[in-house]
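Q: sequence plus predicted model, see below.
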Amino acid sequence: MNLTDLLRMSLGNLKRRKLRTFLTVLGVIIGTASIVVMISLGLGMQNSIYQEVEQSGGLTTLTVTGKSSGDTMMGYDGQNSDEPTKYITDDTIKEFSQIEHVKLAAPMYQMSGYLLKGPYIGYIQIVGTTREALENQNIELRPGGSLPAENSGQLEFVFGNGLQTQFYEKNSGKGYWDTGEMPDVDLEKDQMFLVLNTQAYDNARSGSGFGSGDGGEQPGTRKAKPAQKYVVHSSGVVAGGPDSYNTHFYNAYCDIDTLKMMLKREFAGTAIPGQPQTKSGKPYKFFAYTSASVKVDDLDEVDAVSQQLRDMGYNVQSNVEYVESMKSQFAIIQAVLGGIGAVSLLVAAIGIANTMMMSIYERTKEIGVIKVLGCSLKNIKQMFLMEAAFIGFLGGVIGNIFSFAISGAINFIVGSSGESMGFAGNISYIPVWLMLVSMGFAVLVGMVAGYFPALRAMRLSPLAAIRNE
């Protein structure tokens, strides 16, 4: 008996018992879809992390932090719990750039500010850095956008695509998160006013006359002067709408040298907020940055450069270390999710075994007849294994189709709330290899479930089988 005959008989037997075959295949469909969808959730979260890393400069970019500076606290990597002993200054950046295998060392300074536009006021997180550092972050801009000009004398910003949600009405204090309505602010076209001295601005609005904000003067401060308002405009906006979360969502990027010039002008004669001061309250001559972005030329040298920077007295965050730690966590998550889905496929395997055993009892005479006619034991085993494999294959194919439908529905539902959940991209991702592996696994489960029924069919005595009927 050739392969064609075996295949024809196997399919014919399945067609004769359509309802039972359908119910058995349905079990495989549910099991396959469960495994694929569960694993796809883990892969989706993993891809989200990879996208975030790419938006932060890739695996060869390091974030180096020194003693606290600016009004944003930078996190540490946990490997060096001691607080850094040195500030990051222009001399520090030059020192970093001279380290072997360092391709780029750029300063970064973070501070808060206000944007004013008509009746609206918006809180923004300003990130000042160099053009090279911005290029290294792989920021995708909307059509027509460009990175801020260097040393132009006027601040230009690349606005995050979610910055519009940070505006609220001055009078009512209500904004997007209160009303659900987007403020009438066009980040790309509108001319806005920037307030760098937020404390003076808040004091003026509240009627306080001091720079400290607590009703009394502090060392190094003087009676607050009115906050200056600087005309600023956008050089570009990060691609995506306010519902597309990414690493740059709330930030406003500008040229670091221009920002420093305006800060020194704004706070002339007094210490810039967040900058280190002497015990008498006087500012130091150097400008301390919040952090430094260091680009390594070779992935294999990332660990060595990181350790060298730590030995110099700084804390280092490495995207490589971050990804490696996340990989182990995602492996556990995927194993748990896959195990949950595998339970469904195990139940389907029991259903296949039951179907095949029932088929043997119903076809006892048929098995005896084909044995008497000279059909080999090997052919009988192959016939039953083919039936089981076909059930697994059919369930795997349809299960994958259902998986894509379920995955699409999950991404559609979660997409509207992706911003609040912190996901960039799809939460469910089904690669081609997962589809192929799941179909192969479904076929394998079918054949394993049908193996023992096939052995039983082989061992039936022809005479006993015919007499039994």
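A: Perfect, thanks for sending it.
Q: going by C-alpha atoms from here, please, whenever you check contacts or count neighbours.
A: Noted.
Q: so what's Y250 up against?
A: By Cα atoms under 8 Å, 6 or more residues apart in numbering, the contact list for Y250 reads 124-125, 159-163.
Q: please identify the buried residues of stretch 275-283?
A: Buried residues in stretch 275-283, counted by 16 or more other Cα atoms under 10 Å: 275-276, 283.
Q: that one - what's its average pLDDT?
A: The predicted model gives stretch 275-283 an average pLDDT of 80.
Q: before we move on, back to that, and the buried residues of stretch 275-283 as a markdown table, adding secondary structure and distance to L309?
A: Shown next, in a markdown table, are these (DSSP: H, G, I helix; E, B strand; the rest coil; distance: Cα to Cα, whole Å):
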| residue | secondary structure | distance to L309 |
| --- | --- | --- |
| Q275 | coil | 22 |
| P276 | coil | 22 |
| P283 | strand | 26 |
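Q: ok, those vs T290, which is closest?
A: Q275 (9.5 Å; Cα to Cα).
Q: wait, the closest one sits on K285?
A: No - taking contacts as Cα atoms under 8 Å, Q275 lies outside contact range of K285: 10.2 Å.
Q: residue contacts, K170?
A: Neighbour list for K170: 119-121 [criterion: Cα under 8 Å, 6+ apart].
Q: do that again at 10 Å, thanks
A: 116, 118-122 (Cα atoms under 10 Å, 6 or more residues apart in numbering).
Q: mind checking pLDDT for it?
A: 88.
Q: list phi and psi for it.
A: Main-chain torsions, K170, degrees, to the nearest 10: phi -60, psi -40.
Q: for S344, give its distance to G395.
A: Using Cα to Cα, to the nearest Å, one gets 12 Å for the distance from S344 to G395.
Q: with A33 instead?
A: 9 Å.
Q: and the two? Which one has more around it.
A: Taking neighbours as other Cα atoms under 10 Å, A33 and G395 compare with A33 leading, 31 against 28.
Q: strands paired with the strand of greatest length in the chain, and their directions?
A: Criterion DSSP state E: the longest strand present in the chain is strand 102-117. Take DSSP bridges as the rule and strand 102-117 pairs in its sheet with strand 120-129 (antiparallel), strand 192-195 (antiparallel), strand 291-296 (antiparallel).
Q: state the next helix or strand along the chain beyond the first one.
A: By that I understand strand 120-129. Counting by DSSP states H and E, the next helix or strand C-terminal to strand 120-129 is helix 131-136.
Q: list the buried residues in that following helix.
A: Using 16+ other Cα under 10 Å as the test for burial, helix 131-136 gives 131, 133-134, 136.
Q: now do that helix: everything it contacts.
A: Against helix 131-136 from outside (Cα under 10 Å, 6+ apart): 54-58, 61, 104-108, 128, 130, 147-150, 158, 253-256, 292-295.
Q: state the helix or strand in which M358 lies.
A: Per DSSP H and E: helix 319-362 holds M358.
Q: which elements pack onto that helix?
A: Contacts defined by 3 or more Cα pairs under 10 Å, 6 or more residues apart in numbering; DSSP states H and E place helix 319-362 against helix 18-55, strand 61-65, helix 302-311, helix 364-372, helix 377-415, helix 432-459.
Q: for it, give the mean pLDDT please.
A: For helix 319-362, the per-residue pLDDT averages 76.
Q: got the angle for it vs strand 61-65?
A: Between helix 319-362 and strand 61-65, the angle formed by their directions is 130 degrees, by axes from the mean of the first three to the mean of the last three Cα atoms, to 10 degrees.
Q: how much space between M383 and T4?
A: M383 is 11 Å from T4, by Cα to Cα.
Q: quick one, which of these two is more surrounded?
A: Neighbour count, other Cα under 10 Å: between M383 and T4, M383 has more, with 22 against 9.
Q: hang on, the more buried one packs against R8?
A: Yes - applying Cα atoms under 10 Å, one finds M383 in contact with R8, separated by 9.4 Å.
Q: give me the number of residues near the nearest residue to I35 once chain neighbours are set aside?
A: Closest residue to I35 apart from its sequence neighbours, by Cα to Cα, 6 or more residues apart in numbering: G341 at 4.1 Å. G341 sits with 21 neighbouring residues when counted by other Cα under 10 Å.
Q: enumerate every residue touching G341.
A: For G341, the contact set (Cα under 10 Å, 6+ apart) comprises 30-39, 335.
Q: which secondary element of this protein has the worst mean pLDDT?
A: In the chain, the helix or strand scored least confidently by mean pLDDT, DSSP states H and E is helix 418-421, which has a mean of 47.
Q: now do the same contact list for L434.
A: Neighbours of L434 in contact, by Cα under 10 Å, 6+ apart: 35-36, 39-40, 400, 440.
Q: and with 8 Å instead?
A: By Cα under 8 Å, 6+ apart, the contact list for L434 reads V36.
Q: need the per-residue pLDDT for it.
A: Listed pLDDT for L434 reads 88.
Q: can you tell me how far it sits from E95?
A: Using Cα to Cα, we find L434 at a distance of 47 Å from E95.
Q: kindly report the same for K295.
A: Distance from K295 to E95, counting by Cα to Cα: 14 Å.
Q: these two - which one has more neighbours?
A: Using other Cα under 10 Å as the criterion, K295 and E95 rank with K295 on top: 25 against 11.
Q: quick check: bridge partners of that one?
A: Note on K295: beta-bridge partners T61, L104, judged by DSSP bridges.
Q: mind checking the end-to-end distance for stretch 312-327?
A: 29 Å.
Q: what are the buried residues along it?
A: Of all the residues in stretch 312-327, those buried under the rule 16+ other Cα under 10 Å are 313-320, 323, 326.
Q: what residues does that stretch touch?
A: With Cα under 8 Å, 6+ apart as the test, stretch 312-327 has contacts from 46, 49-50, 53, 58-66, 76-77, 80, 83-86, 302, 306, 309-310.
Q: what about 6 Å?
A: The contact list for stretch 312-327, computed with Cα atoms under 6 Å, 6 or more residues apart in numbering, reads 59, 62-66, 77, 84-85.
Q: do stretch 20-29 as well
A: Residues from elsewhere that reach stretch 20-29 (Cα under 6 Å, 6+ apart): 348, 351-352, 391, 395, 399.
Q: again, 7 Å this time
A: Stretch 20-29 has contacts (Cα atoms under 7 Å, 6 or more residues apart in numbering) with 14, 345, 348, 351-352, 391-392, 394-396, 398-399.
Q: what's the distance between the nearest residue to F167 once chain neighbours are set aside and L147?
A: In space, and not counting its chain neighbours, F167 is closest to G122: 3.9 Å by Cα to Cα, 6+ apart. According to Cα to Cα, G122 stands 21 Å off from L147.
Q: over to F404?
A: F404 is 39 Å from L147, by Cα to Cα.
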